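Engineer: Just to be clear, the model below is a prediction. Sequence and coordinates:
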Amino acid sequence: MKPPAFDYLRAETVSDVLEGLAQQGGDARVLAGGQSLMAMLNMRLAKPKLLIDIMRLKELRRIERKGDAVVIGAGVRQADLLAWPELADALPLVALALPWVGHMQTRSRGTICGSLAHADPSAEMPLALVALGGEVLLRNAKRRRRVAAKDFFAGMMLTARADDELIEAISLPVIKGSRFAFREVARRHGDFAIVACAAMKIPTGVRLAVGGVADVPTARNWPRLEGSALDDALNAFAYDLGARDDVHATARYRRDLVRMIGRDLIGEVLQ
Amino acid sequence: MTRLKADARHSVRFTLNGRPAEGEAEPRMLLSDFLRHQLGATGTHVGCEHGVCGACTIVVDGMLTRSCLTLAAQADGCDLKTVEGLAPSADRLGVLQQAFRRNHALQCGFCTAGILMSLDHYLAKNSAPTEAETRDLLSGHICRCTGYTPIIQAALEAAAKLASSKKETSDA
Ligand SMILES: Cc1cc2nc3c(=O)[nH]c(=O)nc-3n(C[C@@H](O)[C@H](O)[C@H](O)COP(=O)(O)OP(=O)(O)OC[C@H]3O[C@@H](n4cnc5c(N)ncnc54)[C@H](O)[C@@H]3O)c2cc1C
Ligand code: FES
Ligand code: FES
């Protein structure tokens, strides 16, 4: 349970990071909070030749309100965002979901962007990004690009990020006058979700986003539905997510959770 | 920019419980192993080495940190606190440690160092924690012996004691 050998690069500027990624490509890994990567190295699930530590870069540590969006830099730890005084006002859904990410002892180190890069299908921050329709800001040595949440997650632990790209930040829209709800079922608080759901009121009705079932967090919009029409819509969604049995839960239990939590949360945000 | 080569040992220096500490480590060496094997600071325990059990929890630059998910090289220049720094002197236990002893909050003691570090760090910032908050904090630790209840009791008792001793010593 010890990591394989690698070079360690302590980046002092963003160009150090981008150069390292450009030179080493798929053999390099960004080291952010290390709360997923270090465990993968210890278990030898990853064998990079180079780790690029980005956590000494002050310029990546910013949380900024830019117009109708909040931009969260790659160096922002989960605990930093939780302690941000404007969080509940600007990003109420994130304020609800973030306490479910691991434990106080892992949120103190783990970053928001690292969670998105890692792209665990049951992770809460990817779910929030998809529910809110945020964007991921990527950068390599030559250019910057923005990828919409719905195009970013490509599969279990797979994203649209190229090997030479740094997630420089993410951008989450500030949505006023809506209502949000979040709920998760896990074996213990702080464990990865068996099913996590986020709901929000949108001008045309309601959106429900689900994590932990499909290989990527998935959102669906409906007009204002009630009664059996809502039950049918939720049932169809639960099946479309393609739940599978695993050691944590059966597919059927997951579908049940989607139907039940979905109904509750939609009721909460539309009341 | 510093690039440390995989196959060489590099100097790592930091402050450990207020005193300078120094040793050599390959980039892949975990901070938990560096503390225990290079520095002989075996108070920090190692259970799972993937961040789940919490036995290796220490404080780095004011952040609760799994030392098994941290490289020794990452700690260079940082300020570290480990369980060895909790007692006020070699023959006296701190308030939290005394509360653990009184409440039988440990049996085998394997999990204790990490739990003490989490609680010490938390109580310094939250003087009146509720039971629910304490349980939430303890979700980051696994104890196979106690069933957690005595740990919660010890934590709440220590919090009350620390709060009242603060009141007594202040001039306000
Ligand atoms: C006990 C425990 C419980 C946990 N429970 C949960 C949970 O319930 N929910 C949850 O969502 N997470 C959970 N996690 C994981 C979470 O804590 C991690 O913080 C997160 O998954 C990764 O963030 P990080 O900053 O630690 O990234 P790292 O571990 O440093 O990196 C993870 C991956 O992302 C890449 N990466 C990181 N940052 C960037 C970047 N800026 N640009 C490009 N690539 C990058 C790395 O190269 C690596 O491949 C848990 C972890 C532990 C140890
Ligand atoms: S040894 Fe570090 S968390 Fe278990
Ligand atoms: S006292 Fe034995 S594991 Fe906690």
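Structural biologist: Received it, and whenever you're ready, just let me know what you need. Ligands and ions are numbered 1, 2, ... in the order given.

Engineer: The least confident helix or strand in chain B by mean pLDDT: which residues count as buried?
Structural biologist: Counting by mean pLDDT, DSSP states H and E, the weakest-scoring helix or strand in chain B turns out to be helix B:149-169, with a mean of 89. Within helix B:149-169, the residues that count as buried by 16 or more other C-beta atoms under 10 Å in any protein chain shown are B:150-159, B:162. In short, each C-beta sits where N, CA and C put it, glycine included.

Engineer: for stretch B:14-22, same thing?
Structural biologist: Residues of stretch B:14-22 classed as buried: B:14, B:16-17, B:21 (neighbour count, 16+ other C-beta under 10 Å).

Engineer: Of the residues you listed, which pair is most distant in space?
Structural biologist: Spanning the widest gap among these are B:14 and B:17, at 10.5 Å by C-beta to C-beta.

Engineer: which residues are in contact with both of the two?
Structural biologist: By C-beta atoms under 8 Å, 6 or more residues apart in numbering or on different chains, residue B:14 and residue B:17 have these common neighbours: residue B:80.

Engineer: residue contacts, residue A:218?
Structural biologist: Counted by C-beta under 8 Å, 6+ apart, residue A:218 has contacts A:130, A:209-210, A:241.

Engineer: Would you quantify the distance from it to residue B:79?
Structural biologist: 43 Å (C-beta to C-beta, to the nearest Å).

Engineer: try residue A:8
Structural biologist: In terms of C-beta to C-beta, residue A:8 sits 20 Å off from residue B:79.

Engineer: Look at those two and report which has more neighbours.
Structural biologist: residue A:8 (23 against 14; other C-beta atoms under 10 Å in any protein chain shown).

Engineer: and the more buried one, what does it touch?
Structural biologist: Residue A:8 neighbours (C-beta under 8 Å, 6+ apart): A:50-51, A:53, B:3-4, B:6, B:27, B:71, B:73.

Engineer: could you redo the last one with a cut-off of 10 Å?
Structural biologist: A:31, A:50-53, B:2-6, B:10, B:25-28, B:71-74 (C-beta atoms under 10 Å, 6 or more residues apart in numbering or on different chains).

Engineer: ok, now residue A:2?
Structural biologist: A:41-42, A:44, B:28-30, B:33, B:49, B:68.

Engineer: residue contacts, the nearest residue to residue B:127 once chain neighbours are set aside?
Structural biologist: Spatially, and ignoring its direct neighbours in sequence, residue B:127 is nearest to residue B:163 (4.8 Å; C-beta to C-beta, 6 or more residues apart in numbering or on different chains). By C-beta under 10 Å, 6+ apart, the contact set of residue B:163 is B:123, B:127-128.

Engineer: List just the nearest of those residues to ligand 3.
Structural biologist: residue B:123 (18.8 Å; C-beta to the nearest ligand atom).

Engineer: nearest to residue A:26, of the contacts of residue A:218?
Structural biologist: residue A:130 (25.7 Å).

Engineer: wouldn't residue A:16 be in contact with residue A:60 here?
Structural biologist: No - with contacts counted by C-beta atoms under 10 Å, residue A:16 stays clear of residue A:60, the gap being 11.7 Å.

Engineer: pLDDT below threshold where in chain A?
Structural biologist: Residues of chain A meeting the criterion pLDDT under 70: none.

Engineer: Mind jotting down where the strands sit in chain A?
Structural biologist: A:7-10, A:28-31, A:50-53, A:63-66, A:69-73, A:135-139, A:144-148, A:153-155, A:158-159, A:166-173, A:180-185, A:195-202, A:205-211, A:218-222 (DSSP state E).

Engineer: Those strands: which one's closest to ligand 2?
Structural biologist: strand A:28-31 (16.8 Å).

Engineer: Contacts for that closest one, please.
Structural biologist: Against strand A:28-31 from outside (C-beta under 10 Å, 6+ apart): A:6-11, A:17, A:20-22, A:37-38, A:40-41, A:46-55, A:74, A:111, A:113-114, A:117, A:161, A:163-167, B:71, B:73-74.

Engineer: my read: residue A:265 touches residue A:199, true?
Structural biologist: Yes - with contact defined as C-beta under 10 Å, residue A:265 reaches residue A:199; the gap is 3.7 Å.

Engineer: of those two, who's got more company?
Structural biologist: For residue A:265 versus residue A:199, neighbours defined as other C-beta under 10 Å are more numerous around residue A:199 (28 against 21).

Engineer: can you pull the contacts of residue 11?
Structural biologist: Reading this off chain A. With C-beta under 10 Å, 6+ apart, residue A:11 has these contacts: A:17-20, A:30-31, A:52-57, A:60, A:166, B:1-3.

Engineer: Chain B, not that one
Structural biologist: Here residue B:11 is in contact with B:4, B:22-25, B:73, B:76 (criterion: C-beta under 10 Å, 6+ apart).

Engineer: Residue B:153 touches residue B:138, doesn't it?
Structural biologist: No - taking C-beta under 10 Å as the definition, residue B:153 is not a contact partner of residue B:138, at 12.0 Å.

Engineer: Now whichever residue of chain B sits closest to chain A: closest residue in space, sequence neighbours ignored.
Structural biologist: The minimum distance from chain B to chain A, using C-beta to the nearest C-beta, falls at residue B:140 (3.2 Å). Closest residue to residue B:140 apart from its sequence neighbours, by C-beta to C-beta, 6+ apart: residue A:103 at 3.2 Å.

Engineer: Run a quick neighbour tally on that neighbour.
Structural biologist: For residue A:103, the tally of surrounding residues (other C-beta under 10 Å) stands at 27.

Engineer: same thing with residue A:64?
Structural biologist: Neighbours around residue A:64, by other C-beta under 10 Å: 11.

Engineer: Name the residues linked to residue B:11 by a beta bridge.
Structural biologist: residue B:24 (DSSP bridges).

Engineer: where's it relative to residue B:4, distance?
Structural biologist: Distance from residue B:11 to residue B:4, by C-beta to C-beta: 10 Å.

Engineer: Overlap in contacts, those two.
Structural biologist: B:25, B:73, B:76.

Engineer: wouldn't the last one be in contact with residue B:24 here?
Structural biologist: It refers to residue B:76. No - using C-beta under 10 Å, residue B:76 is not in contact with residue B:24, being 11.4 Å away.
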